[in-house]
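*Asks:* Pasting a predicted model and its sequence here:
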Amino acid sequence: MSPPPPNEDDVINHHDSSSVDQKRPISTIVIIIAMQTEALPLVDSFQLTEDVNSLFPKGTPWVRYHGTYKGLNISIIWPGKDAVTGVDSVGTVSASLVTYAAIQALQPDLVINAGTAGGFKAKGACTGDVYIASEVAFHDRRIPIPVFDLYGVGLRRGCSTPNLLKELDLKVGKLSTGDSLDMIPHDEASILANDAVVKDMEGAAVGYVTDLLKVPAIFVKAVTDIVDGDKPTSEEFLNNLSAVTVALGKAVTQVVDYISGKSLAEL
Ligand code: ADE
C-alpha cells in the first residue's frame with residue numbers, strides 16, 4: 001500500500017531552528033549571487049575582499065568575497081565562470097552546489113539569494129522593481145504522477161520578515177525558477193500555476209538546499225525584463241543588467257542594514 005499523500009504543510013518548509021536561535025542576534029550571512037555583474041556593487045558596498053585561499057574544493061571556480069559590515073560577518077558567494085565556456089555559472093545546478101558548500105563551510109545564520117529576474121507586467125512588475133520572494137517553486141520540473149508532481153514543483157517559503165517588509169519599500173511576490181532564460185508556453189502555464197510575479201534561474205534551487213539544511217533564506221530579486229511584454233527577453237535583460245544591478249545592490253544593502261543588530265525573530 002502506498003503512503004497517504006502529504007498535505008501542503010508537509011511539502012512546504014518549516015525551519016525548526018530553536019527559539020534560542022531565533023532570539024540570538026544574526027551574526028553570519030551568506031549571500032548567493034549567480035553573476036559577477038550582480039555581485040560587484042555589493043562587494044563594493046560592503047567593502048569585501050576576495051578569498052586568496054579558497055574554502056571550496058580544489059578546481060571549483062566558486063568565489064567567496066568576505067568581510068565584516070555593521071557587525072555582521074558577510075560572505076558573498078559567486079559560482080564563478082564555467083571552466084568550459086568562460087561565462088558565469090548561472091542556473092540551478094551551480095546554485096544548489098555553492099549553497100550547500102557555503103553552508104557546510106560557513107554555518108551561516110541566514111542565507112540571502114540575490115539576483116535579477118524577469119517580471120510579469122500583468123501582475124504589476126516593472127523593470128527596476130525589487131521583490132522579496134514570499135515563496136519559491138520550480139516551473140520546469142514537470143512530473144505528471146501523483147505526489148511526484150508536487151515534488152517537481154518543490155515549493156518552499158522564504159523566511160518570514162514582516163517587520164523588514166514594513167520598514168523597506170520593496171515589493172513582495174512569489175518567485176518561479178527554471179533553467180532557461182526564455183519562456184516556452186509550457187513553462188508559462190506552470191509559472192502562472194505557481195502564481196509567480198517574478199521568474200529566475202536559481203531561487204528554488206537555493207530554497208531546496210536551505211530548507212534541507214534548515215537555514216532561513218531571504219530571496220531578493222530585481223526585475224531586468226518583462227516576460228509578458230513585446231521585447232525579446234535576452235536583449236532587454238542585457239540592456240538593463242547594469243542599471244538594475246545597481247538597484248539590486250541598494251536593496252540588498254538596505255536589507256542587510258535592517259538585519260544588523262537584530263535576531264531572526266525581529267525581522
Ligand atoms: N533573470 C533575469 N531575467 C530573467 C528571465 N526572464 N528568466 C529567468 N531568469 C532571469
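*Replies:* Noted; the coordinates are in hand.

*Asks:* ok, which stretches of the stretch 151-267 of the chain are helices?
*Replies:* When secondary structure is read from DSSP state H, counting those that start in this stretch, the stretch 151-267 of the chain shows helices at 162-167, 185-193, 203-212, 233-259.

*Asks:* Tell me which of the ones you listed lies nearest to the ligand.
*Replies:* The ligand lies closest to helix 233-259 among the helices of the stretch 151-267 of the chain, at 4.9 Å (CB to the nearest ligand atom). (C-beta placed from N, C-alpha, C; glycine too.)

*Asks:* Any chance of the helices of the stretch 151-267 of the chain in TSV with mean neighbour count as columns?
*Replies:* Listed next are the helices of the stretch 151-267 of the chain as TSV, based on neighbours: other CB atoms under 10 Å:
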stretch	mean neighbour count
helix 162-167	13
helix 185-193	16
helix 203-212	25
helix 233-259	18
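
*Asks:* any chance of those helices in TSV, with distance to the ligand and mean pLDDT too?
*Replies:* Formatted as TSV, the helices of the stretch 151-267 of the chain follow (distance: least, CB to the nearest ligand atom, whole Å; pLDDT from 0 to 100):
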stretch	distance to the ligand	mean pLDDT
helix 162-167	22	97
helix 185-193	9	95
helix 203-212	9	98
helix 233-259	5	96
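
*Asks:* need the ones you listed in a markdown table with distance to Asn73, can you?
*Replies:* Listed next are those as a markdown table, based on distance: least, CB to CB, whole Å:
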| stretch | distance to Asn73 |
| --- | --- |
| helix 162-167 | 19 |
| helix 185-193 | 36 |
| helix 203-212 | 18 |
| helix 233-259 | 11 |
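
*Asks:* Residues of the stretch 51-200 of the chain that sit close to the ligand?
*Replies:* Contacts of the stretch 51-200 of the chain with the ligand, taken as CB under 6 Å from any ligand atom, map to Thr116, Ala117, Gly118, Leu181, Lys199, Asp200.

*Asks:* Any stretches of this protein with poor pLDDT?
*Replies:* 1-20 (pLDDT under 70).

*Asks:* tell me which element the residue lying closest to Val153 once chain neighbours are set aside is part of?
*Replies:* Leaving out its chain neighbours, the residue that sits closest to Val153 by CB to CB, 6 or more residues apart in numbering is Ala137, at 5.0 Å. Using DSSP states H and E, Ala137 falls within strand 130-138.

*Asks:* now do Pro146
*Replies:* For Pro146, there is no enclosing helix or strand under DSSP H and E.

*Asks:* how much space between it and Arg156?
*Replies:* Counting by CB to CB, to the nearest Å, the gap from Pro146 to Arg156 is 20 Å.

*Asks:* between the two, which one's more packed in?
*Replies:* Each of Pro146 and Arg156 has its neighbours counted (other CB atoms under 10 Å); Arg156 has more, 24 against 9.

*Asks:* quick one: contacts for the spatially closest residue to that one that is not a sequence neighbour?
*Replies:* Distances taken as CB to CB, 6+ apart place Gly207 nearest to Arg156, at 3.9 Å, with adjacent residues excluded. Counting by CB atoms under 8 Å, 6 or more residues apart in numbering, Gly207 makes contact with Asn13, Asn113, Val136, Gly154, Arg156, Gly158, Ala217, Phe219.

*Asks:* Tell me how far the closest residue to Trp62 other than its chain neighbours lies from Gly261.
*Replies:* Distances taken as CB to CB, 6+ apart place Phe56 nearest to Trp62, at 4.5 Å, with adjacent residues excluded. Distance, Phe56 to Gly261, by CB to CB: 30 Å.

*Asks:* Looking at these two, which is more packed in?
*Replies:* Each of Phe56 and Gly261 has its neighbours counted (other CB under 10 Å); Phe56 has more, 20 against 12.

*Asks:* sorry, back to before: wait, doesn't the residue nearest to Val153 sit right on Lys174?
*Replies:* Yes - the criterion here is CB atoms under 8 Å, and Ala137 meets it with Lys174 at 7.3 Å.
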